[in-house]
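S.K.: Below: sequence and its predicted model.
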Amino acid sequence: MGMMLGLFAAVIQSAWMGSAPVQEPRYSWRQAPPALERRLSQGVLQWQVEDKTLIFTAFDKSRAVEKARLETDLPAWPVVDWMRHGQNLFVVQQNAAAPGEISLARLNLSKPGSLFQWRLSHPEPVMRATLNHHRRRLLTLDEKGAVRLWRVELDPYQERPTMSQKAVLLKEHHFNVQKGAAFVPSWSPLGNFYTMPRHGGGLLLYDGQDGVVLGDFGGVPRDAVYRGDNPPIQALAFSQREERIAVLRYSAPGVQSPASDLVVWDNWGLNQGRLMRVDADRIRAMDFDRMEDQLVLASGDRLMVWDAVANQVRKEWPAGVVDLLRCHPRRSWIAAKNRAGELTLYEMNTGQTLATFAGADAHGTRLEFSYDGRLLLLLGRTQSEPFIQAWVVPPIP
């Protein structure tokens, strides 16, 4: 009986894969701030500066639901980061007239009058300000290369909303801001660490609580000389539980196209990096799967599932020249967008096409799934405005 059921399920799945559905966009937002891409899986936050109204739309299963429309006392500044936790909404803003001034506010979605606010001043204009996943630390970068770690916690004895919460500077680092840098100081997915480029190439990993250095992930040879804007670190990927780190970096000097290599650290505390035996020069995008032992690579015109433990390829198949990819948070699926504009959902272990998503804007720059994996999201920017598109991920056996 069990064998018959298994055979029936296999037949159903085979039939499904043979007729992969085509999904049309379910939702679309225009004038969506591109700086908010880091929170895309949580929902969409729209800030109407003229009437100082926040509109928060959350992703609920396969729907986008407006959860709150708040008239606030926030300053009429652009929003540069945000995060939702339960009934609380955290909003980071920057003063456009004095770009060294940053504001962090905590609002309650069910109590519009509940507002706590922190103000942070910097001597130089700020290029980036981002909150960590625990919502207790803020990382800022100014144009002179100063990186500051701030503690932004509520006073445990403060019960009433106040506009004068105290931000405490915990750590300050300095490095040279290089034109064409592949990435800037940023948080790990769970906010336990933050990363920063190292002088002369490479990557430093810091404790998100106090800013202590935890790991040094090497870089290019000391005598390597790069011409143009080629950064030593090209791309960085954390596994979902932050147990592995993959770094795509230049390994040898060159004038036009330096050679690259891909290194995975299984135990970053001991700096035990392992060189992956893959043609790294062809890699355009990468992401860890939900089990954290596989690294999905867009290499040339193929998708490749690389075993990060055994250091060998498990599966590969043609997918066009993929420039964006994202692993599903709960299933062994891969969403990939290629240069031809095709947006496709694949089964990771077989390479089978599970669904295609029509109408993807060619200007997309980032792919994400919603937290529960029910929606696929594409963020980008046209010449006139930023945008977000959302498709329903079909129920797949």
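M.R.: The structure has been received and is ready for your questions. Numbers count the residues shown, from 1 in each chain.
S.K.: Neighbours of D323, how many?
M.R.: Using other Cβ atoms under 10 Å, D323 has 15 neighbouring residues. Quick note: C-beta positions are derived from backbone N, CA and C, even for glycine.
S.K.: Mind listing what's buried along the top strand by length along the chain?
M.R.: If you go by DSSP state E, the chain has its longest strand at strand 111-121. Judged by neighbour count using 16 or more other Cβ atoms under 10 Å, the buried positions of strand 111-121 are 115-120.
S.K.: What about S384, how many residues nearby?
M.R.: For S384, using other Cβ under 10 Å, the count is 8.
S.K.: which residues touch it?
M.R.: With contacts taken as Cβ atoms under 8 Å, 6 or more residues apart in numbering, S384 has no neighbouring residues.
S.K.: is it fair to say it lies in a strand?
M.R.: No: assessed by DSSP: H, G, I helix; E, B strand; the rest coil, S384 does not belong to a strand; its assignment is coil.
S.K.: rewinding a little: who does the helix or strand that the longest strand of the chain is followed by touch, helix- and strand-wise?
M.R.: Next along the chain after strand 111-121, taking DSSP states H and E as the criterion, comes strand 126-131. Strand 126-131 is packed against strand 79-85, strand 88-94, strand 101-108, strand 137-142, strand 186-187, with contacts defined by 3 or more Cβ pairs under 8 Å, 6 or more residues apart in numbering; DSSP states H and E.
S.K.: Using CSV, please lay out these together with mean pLDDT, distance to E50 and mean neighbour count.
M.R.: Below are the helices and strands packed on strand 126-131 laid out as CSV (pLDDT from 0 to 100; distance: least, Cβ to Cβ, whole Å; neighbours: other Cβ atoms under 10 Å):
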stretch, mean pLDDT, distance to E50, mean neighbour count
strand 79-85, 89, 14, 20
strand 88-94, 92, 15, 22
strand 101-108, 92, 18, 21
strand 137-142, 93, 27, 23
strand 186-187, 87, 31, 18
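S.K.: Just send the ones you listed back as JSON lines, with distance to S239 too.
M.R.: As requested, the helices and strands packed on strand 126-131 are arranged in JSON lines below (distance: least, Cβ to Cβ, whole Å):
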{"stretch": "strand 79-85", "distance to S239": "21"}
{"stretch": "strand 88-94", "distance to S239": "25"}
{"stretch": "strand 101-108", "distance to S239": "29"}
{"stretch": "strand 137-142", "distance to S239": "21"}
{"stretch": "strand 186-187", "distance to S239": "15"}
